[in-house]
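> 3D model of this:
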Amino acid sequence: NYWFGKAILGGHIVGNDTTKWSVRYNGMKMIFRDYNYVDGFWLGDKFEIKNRLSNDRSLNINPYIYYATARHRALGGSDIIYNYAPQNRGILTFSAGSRSEDFNSLTVTRYQNYFSSLVLGENYNSFYQRDFFTVENDIYINKKLRVAASFGIEKRSGLSNNTSFNILNRHHIKPNLFPNDRFDRTFFSAGISYSPFSNYLIKNSFDVHKKQVSPVFHLEYEEGFSSWQTNNSKYRKLKGGVIHNIQLNYFNKIDYKIESGIFLNNRTVPFIDQQHFGASDLLINLNSLFDSFLLLDNYEVQTDRYWVNVFFNYSGKYVLLKFIPFLQGKPFTENIHIKTLFTPDIDSYVELGYSLSITRNMGIGSFVSFQNMEGKKF
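Have a look, this model is predicted:
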């Protein structure tokens, strides 16, 4: 039945993709958006409202409203996205809302934490309450140079676990981090990225790439300032780096990612605003084999001083196993990984690995880690 399918999977309630106005319901997949021991279940939904203002301008409004069953609190907000220069990908975004957020958004996904908490009785993420307003502008000045700037005000407070329900009735539950703290922030940031070999045509507002956009250099400055809130976070952070993909030949390629940064002052940098890293010490996870640390816990390493991390990956059709005759025709790629991280607290951390991947987002591998030249984990 058409309407039953729309209720389950979502669809347009008013209009469609070709009308000036349209309203889309996101379906039952968004009704139970999250489950964690701080909030309990999120019960609600998300909608998409679109308005074609003209041939080259559009307005998207994405409201969401949820009820957190364990905290007995409404969570909601909206993103208002104004696309004002499609040929330059000009996007102005206003966001406001009240919801829980992860202390380290680069690590274990909320969906993975959702499943583990609900079924296995193990929680990986820690959350805080965030009431916020932000505005961000992002635009390409030309084919090679992109600039972005943002400003935001956030009221942030620690939370405690409010439930322990899980299907298997297990209780390997970690307490939430900083349950009684306040760490508000007023901030702004500005950044640029530059792709010297980017070369593409604009045709009917779509990018037709003539060359791979590589390498990409980026630089960003972020500052937390002001003291008008409670326990304001104050810091100045500068970070930059490069991402580069090099196709050696039809069978082999290498890619690397280098990033470094420094806090120019560390007057008041709470845990939440320190530099965190993509890390998830899980056997099965949704982080990348190529640019995340797979043998570090998600809250194990952070810094408020300086850092350098490097990811180097070599991918080939014939590296090791593909030389075995019966495996030569199989559709997988072999990869060698070298990952390093330097901070004042851990000095040197290194992960070495070998993996087989069907796509860049799906693979299996073995990794070993070293800290200050001593073996740490396999």
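
> beta partners for the closest residue to residue 32 other than its chain neighbours?
Leaving out its chain neighbours, the residue that sits closest to residue 32 by CB to CB, 6 or more residues apart in numbering is residue 41, at 6.1 Å. Heads up, the C-betas are built off the backbone N, CA and C, glycines and all. Beta-bridge pairing of residue 41 under DSSP bridges involves residue 35.

> and if you look at residue 98?
Bridge pairing for residue 98 - DSSP bridges - gives residue 76, residue 131.

> roughly how far apart are it and residue 133?
10 Å (CB to CB, to the nearest Å).

> Residue 88 now?
26 Å.

> Residue 133 falls within a strand, correct?
Yes. Residue 133: assigned to a strand according to DSSP: H, G, I helix; E, B strand; the rest coil.

> Please give me every residue in contact with it.
With contacts defined as CB atoms under 8 Å, 6 or more residues apart in numbering, residue 133 is in contact with 94-96, 152-153.

> got it, and residue 285?
Residue 285 neighbours (CB under 8 Å, 6+ apart): 108, 112, 294.

> One more pass at 6 Å, please.
If you count contacts by CB atoms under 6 Å, 6 or more residues apart in numbering, residue 285 has none.

> got it, and residue 67?
43, 74.

> Confirm that it sits in a strand.
Yes. Residue 67: assigned to a strand according to three-state DSSP.

> can you tell me how far the residue nearest to residue 177 when sequence neighbours are not counted sits from residue 345?
Counting by CB to CB, 6+ apart, residue 177 lies nearest to residue 126, which is 4.0 Å off, once chain neighbours are set aside. From residue 126 across to residue 345, the span is 19 Å (CB to CB).

> So between these two, which is more surrounded?
Using other CB atoms under 10 Å as the criterion, residue 126 and residue 345 rank with residue 126 on top: 25 against 10.

> Mind jotting down where the strands sit in the stretch 101-250 of the chain?
Counting by DSSP state E, counting those that start in this stretch, residue ranges of the strands within the stretch 101-250 of the chain are 127-140, 145-158, 185-194, 200-203, 206-209, 216-225, 234-247.

> remind me which residues of this structure are low pLDDT?
1, 199-213, 266 (pLDDT under 70).

> Mind doing that once more with 50?
204-205, 208-210 (pLDDT under 50).
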